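Engineer: Sequence and predicted structure below; questions after.
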Amino acid sequence: MKIAVTYGEDGLIFQHFGHTERFKVYTVEDGRPVSAEVIDTAGAGHEALAVFLKNQGVDTLVCGGIGPGAVNALGMCGIRVFGGITGLADAAVEALLAGNLAYNPNPNCDHHNGEHGDHCEHHGGDRCGCHGAH
């Protein structure tokens, strides 16, 4: 099992999946992390991160906010999403492995509620600046 966590300052979970610059990826065996490494996303963003994570062998994602388009893309890559998480990455992985991670089954990136106005194909309209013109 490989768990990726959006990784920000001071080991905290980065709160915007589509803008994360790095992930901390944990390799888990027998229910315990056996290794962890921080990997750079090399500029990938939003739905492209799903393929990036799949290529890393990740099957589980822990993150803060995430939009529905990214959740769908991750699901199509076979990656389970545990969103709406705050705090330290290491603590979240420990809680996940212990079976007591409190997560939001319908996480939403806060910026999706206004930054793009009322027009975003991926988030309820017909255009979105972060995804290009549609």
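Structural biologist: Alright, I've got the coordinates. Numbers count the residues shown, from 1 in each chain.

Engineer: Now do the strands in the protein.
Structural biologist: Applying DSSP state E to the chain gives strands spanning 2-6, 22-29, 32-40, 60-62, 80-82.

Engineer: With mean pLDDT added, can I get the ones you listed in CSV?
Structural biologist: What follows is the strands of the chain, written out as CSV (pLDDT from 0 to 100):
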stretch, mean pLDDT
strand 2-6, 98
strand 22-29, 98
strand 32-40, 96
strand 60-62, 97
strand 80-82, 96
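
Engineer: what sits up against stretch 25-41?
Structural biologist: 1-5, 7, 20-24, 49, 52, 56, 58, 90, 93, 97 (C-beta atoms under 8 Å, 6 or more residues apart in numbering). Placement of C-beta: from N, CA and C, glycine included.

Engineer: same deal with stretch 92-103?
Structural biologist: 3, 5, 13, 26, 28, 31-33, 60, 62, 82-85.

Engineer: Would you list the buried entries among the residues you listed?
Structural biologist: Neighbour counting by 16 or more other C-beta atoms under 10 Å classes 3, 5, 13, 26, 28, 60, 62, 82-85 among the contacts of stretch 92-103 as buried.
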